[in-house]
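A.B. asks: pasting the sequence and the predicted model now:
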Amino acid sequence: MPNKSGSLYGLTILSPIIDDEKATPSHDLQIRKYLAGLATDDGSPFALAPGTHLARLVVMDDVIYVGMPACEEHLKSKYLVLESNFDGELDDYLGGLADHVPEQLDSIWGHCVAYPGAGNRQAFIDYMKACQIDTTFYFAAINDKSLPETLRALHTRTAVADFIANHQGMEPARLQAEFVQFVAQLRSEPIPGPGTGGIARDIKTGGRNE
Amino acid sequence: MSKLNATDIQGFVLRGYNLPVGRYLFLHLEDATRARKMIGQLLGQVTTGQRWDGGKPDSTMNIAFTHKGLAALDLPLATLITFPVEFQDGMKERSGILGDTGLNAPERWDDVWRGDRVHMWLGVNAKSPEALEARCAKLLATIQESGGATLLGSQDAAAVVIDGKPTTREHFGYTDGFGNPEYLGVERSSQPGQGKLLADGTWAPLATGELLLGYADEAGELPVAPVPHLLAANGTFMVYRKLHQNLATFRAYLDEQAALYGGGKEKLAAKFIGRWRDGTPLELSPDKPDFPLTQDPKRSTNFTYGADPEGTRCPLGAHVRRVHPRDDFGFHGKLIDRRRITRRGLPYGAFVPEGEPVSDSEDRGVIFMALNASISRQFEFVQQQWIGYGNDAHLGNDKDMLIGNHGGRGRFVVQGDTRPENPPFICSNMPNFVELRGGEYFFLPSITALGMIALSLVDPR
């Protein structure tokens, strides 16, 4: 079953990038520049719009020729690739993006062939779906919980671990009273926003080891 | 694969010498021609991997170089740039990747490691302090006469002596030195639990290329190695780290936490690393130490974690379980076979028995030396992912209890069960029990390669 894993949808979109010899710099370079400056925390467009678990945008230039004995092949166009997994149905998700982050979408997909703009919600949805290809080999680490449920669970895990660490050895009656209070407070707290969680790791990542 | 040529491999690579005292000399090479001549003079004294049929020698000597050292020896640029990037970088440059920040940051290292002056490591091990002094005096005379190098500093190390006998204990009181892997072709008495786990539950030696350059590794590939092949083959890379131990902090923390833990102090100490302090694996004997077990090579390392997925016997974050997860990640241990390292090393500083006054500021710790074919794939992966992070062990951001760079914010979960003597417990606000005081990445060449370097015969073409 393509595109779905549990309650999560796996989306792959390939949008051809405009090939215009007169454009300076070329459209693919303009997308790269914009993406390089895009926020990856709670300011990310995928955090501002609802439903995204993980998303990745890639500019695909061409297939790389690796030398003999491979045959030399080329793509007909450069492509912008969007891979995303999210809660719910595709139309709602794409509509949510158009509603919440139209300017960012236009800044990115404005360099793609036949992009209608996010201002026209239905035209945007139709365009993205026309560019969609099936996600046939799809793995989601957590595929049975929505984004709010996952964020809530992470917040609860951290809070409970802190509570246990701070209350070990406490006299039972007081421990119970504090636990009741803790649970009530935890329930009343808002769900942390996407892109806000996690401890900043003082370690360099993205090397060959990860 | 046939037997390795032990006469071409430095002995330090093939075996732990089990000699009680050692001194590591750090040299700066002054002049390429004189330095090469000096290496030629030292070459005949290098201890090889040849068997000691006539008994142990009084002392041993081995040689290794930093990338800057190889450059100072005027190796051709076409050779120098073929070394793995992490070795060219050196350990200081890799501090971001290794998590050597904060208390472990290079700015806080010993003087000798803060500059880029160390070119050569000369490791001497000996039967007695007298033999060590005699050997070092002789070596230093050779070095001085040659004019090829100056001594920047040295590090003494020695087995902890208890009741007049050298032991394999380290300063925190744990018995060390159980866990070195076996490799194909290396002559050594075989011990279950020390190679790689097979699908039928038995253990086999790891591919030679996990330790030595020039041989196939566990993926059937040759490790990244410099050209020419003859310079690389039978050589390996060494990670040298001076790990200072905050003994007063460790003892105070253990006492403080043990007062809250229902299983008792020694059990908590065992939960920290996964072995009782005498070395008994928790996985085999979760309730009490079993000294005869530690003395039986058929049993002391022969265990897996498959029957303990919740960590109620050996915690998921216990030191030995993190750094050698055995079957923990499934696939019969295949995911860890390319992450094994061989450890050498000795403690340094005075041993203080429990109950006697002790201070963190006293110079005390362990000289950690790891040998591996690929520093980035083996040591650096283990350090970054299994020591400095907890995801593979399903422990979130938790770091290794014992040697993690906690900075006062560390957490360690002791999984437990419903028995009162084995309760679940959380250690929090952990300080650094261990601090990095410096170190470097070294290349330990074969005897042939040392000769090529000495005679300026390294030809990358």
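C.D. replies: Everything's here; your move.

A.B. asks: when you work out contacts or count neighbours from here on, use the C-alpha atoms and nothing else.
C.D. replies: Will do.

A.B. asks: could you look up the SS state of the spatially most central residue of chain A?
C.D. replies: Centroid check for chain A by C-alpha atoms, centre = their mean gives A:A55 as the closest residue, at 2.4 Å. Following DSSP: H, G, I helix; E, B strand; the rest coil, the label given to A:A55 is strand.

A.B. asks: which ones are touching the closest residue to it other than its chain neighbours?
C.D. replies: Once flanking residues are discounted, A:A55 sits nearest to A:S84: 4.1 Å by C-alpha to C-alpha, 6 or more residues apart in numbering or on different chains. A:S84 is in contact with A:G10, A:L11, A:T12, A:T52, A:H53, A:L54, A:A55, A:R56, counting by C-alpha atoms under 8 Å, 6 or more residues apart in numbering or on different chains.

A.B. asks: any low-confidence regions in chain A?
C.D. replies: Where chain A drops to pLDDT under 70, the residues are A:1, A:197-210.

A.B. asks: please, where are all the helices along chain A?
C.D. replies: A:27-36, A:45-48, A:90-100, A:102-109, A:121-130, A:147-167, A:172-188 (DSSP state H).

A.B. asks: please apply the same query to the stretch 1-150 of chain B.
C.D. replies: In the stretch 1-150 of chain B, the segments counted as helices under DSSP state H, counting those that start in this stretch are B:11-14, B:32-43, B:67-72, B:77-80, B:85-89, B:95-98, B:111-114, B:129-146.

A.B. asks: circling back: quick one, which of the contacts of A:S84 are buried?
C.D. replies: Buried members of the contacts of A:S84, counted by 16 or more other C-alpha atoms under 10 Å in any protein chain shown: A:G10, A:L11, A:T12, A:T52, A:H53.

A.B. asks: buried residues in stretch B:453-461?
C.D. replies: B:I453, B:A454, B:S456, B:V458, B:D459, B:P460.

A.B. asks: and A:V113, how many neighbours?
C.D. replies: By other C-alpha atoms under 10 Å in any protein chain shown, 13 other residues sit near A:V113.

A.B. asks: contact partners for the residue lying closest to it once chain neighbours are set aside?
C.D. replies: Ranked by C-alpha to C-alpha, 6+ apart and with sequence neighbours excluded, the top spatial neighbour of A:V113 is A:I18, at 5.1 Å. A:I18 makes contact with A:H27, A:D28, A:K78, A:H111, A:C112, A:V113, according to C-alpha under 8 Å, 6+ apart.

A.B. asks: drop anything exposed from these.
C.D. replies: Members of the contacts of A:I18 classed as buried by 16+ other C-alpha under 10 Å are A:H27, A:D28, A:K78, A:H111, A:C112.

A.B. asks: returning to what we had before: mean neighbour count, the helices of chain A: which tops it?
C.D. replies: helix A:45-48 (a mean of 21; mean count of other C-alpha atoms under 10 Å in any protein chain shown).

A.B. asks: quick one: distance of that one to the chain centre.
C.D. replies: For helix A:45-48, the separation from the chain centroid amounts to 8 Å (computed by C-alpha atoms, centre = their mean, to the nearest Å).

A.B. asks: show me what it is packed against.
C.D. replies: Helices and strands touching helix A:45-48, as assessed by 3 or more C-alpha pairs under 8 Å, 6 or more residues apart in numbering or on different chains; DSSP states H and E, are absent.

A.B. asks: kindly export it (C-alpha atoms) in CSV.
C.D. replies: The C-alpha trace of helix A:45-48 is given here as CSV (Å, rounded to 0.1, in the frame of the first residue of the first chain):
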residue,chain,number,x,y,z
PRO,A,45,7.1,26.6,7.6
PHE,A,46,6.5,22.9,8.4
ALA,A,47,6.2,23.9,12.1
LEU,A,48,4.0,26.8,11.4
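
A.B. asks: how's chain A carved up into domains?
C.D. replies: For chain A, the structural domains run A:4-65+A:72-133, A:145-210, going by automatic domain parsing.

A.B. asks: and the end-to-end length of the first one?
C.D. replies: In other words, domain A:4-65+A:72-133. End-to-end distance for domain A:4-65+A:72-133: 13 Å, by C-alpha to C-alpha, to the nearest Å.

A.B. asks: SS state for B:R344?
C.D. replies: Of the three states, B:R344 takes strand under three-state DSSP.

A.B. asks: do the same with B:A270
C.D. replies: helix.

A.B. asks: surely it touches B:L282?
C.D. replies: Yes. Using C-alpha atoms under 8 Å, B:A270 is in contact with B:L282, at 7.1 Å.

A.B. asks: okay, and the common contacts of these two?
C.D. replies: Joint contacts of B:A270 and B:L282 (C-alpha under 8 Å, 6+ apart) are B:W276.

A.B. asks: if we can go back for a sec, possible to save the helices of chain A as JSON lines with distance to B:I367?
C.D. replies: Formatted as JSON lines, these follow (distance: least, C-alpha to C-alpha, whole Å):
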{"stretch": "helix A:27-36", "distance to B:I367": "43"}
{"stretch": "helix A:45-48", "distance to B:I367": "47"}
{"stretch": "helix A:90-100", "distance to B:I367": "55"}
{"stretch": "helix A:102-109", "distance to B:I367": "53"}
{"stretch": "helix A:121-130", "distance to B:I367": "59"}
{"stretch": "helix A:147-167", "distance to B:I367": "33"}
{"stretch": "helix A:172-188", "distance to B:I367": "45"}
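
A.B. asks: among the helices of the stretch 1-150 of chain B, which is the most enclosed?
C.D. replies: helix B:11-14 comes out most buried of the helices of the stretch 1-150 of chain B by mean count of other C-alpha under 10 Å, with a mean of 23.

A.B. asks: ok, residues contacting that one?
C.D. replies: Contacts of helix B:11-14 (C-alpha under 8 Å, 6+ apart): B:T47, B:T48, B:G49, B:Q50, B:N62, B:V186, B:T236, B:L371.

A.B. asks: the second one: what's it in contact with?
C.D. replies: Each residue near B:T48 by C-alpha under 8 Å, 6+ apart is listed here: B:A6, B:T7, B:D8, B:I9, B:Q10, B:G11, B:F12, B:I447.

A.B. asks: got it, and the fourth one?
C.D. replies: With C-alpha under 8 Å, 6+ apart as the criterion, the residues that contact B:Q50 are B:A6, B:T7, B:G11.

A.B. asks: which SSE is B:L151 in?
C.D. replies: Using DSSP states H and E, B:L151 sits in strand B:149-158.

A.B. asks: and that strand, what does it pack onto?
C.D. replies: Taking 3+ C-alpha pairs under 8 Å, 6+ apart as the contact cut, strand B:149-158 packs with strand B:21-29, helix B:129-146, strand B:342-348.

A.B. asks: what strands line up against it, and which way round?
C.D. replies: In the sheet, strand B:149-158 lines up against strand B:21-29 (antiparallel) (DSSP bridges).

A.B. asks: can you list the weak-confidence ranges in chain B?
C.D. replies: For chain B (pLDDT under 70), the answer is B:1-2.

A.B. asks: which parts of it are strands?
C.D. replies: Under the criterion DSSP state E, chain B contains strands at B:21-29, B:59-65, B:120-126, B:149-158, B:161-162, B:165-166, B:196-197, B:203-204, B:236-245, B:342-348, B:365-372, B:410-414, B:425-430, B:434-444.

A.B. asks: mean neighbour count for those strands - can I get that in CSV?
C.D. replies: Converted to CSV, those look like this (neighbours: other C-alpha atoms under 10 Å in any protein chain shown):
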stretch, mean neighbour count
strand B:21-29, 23
strand B:59-65, 23
strand B:120-126, 24
strand B:149-158, 18
strand B:161-162, 14
strand B:165-166, 12
strand B:196-197, 25
strand B:203-204, 18
strand B:236-245, 24
strand B:342-348, 23
strand B:365-372, 22
strand B:410-414, 22
strand B:425-430, 19
strand B:434-444, 24
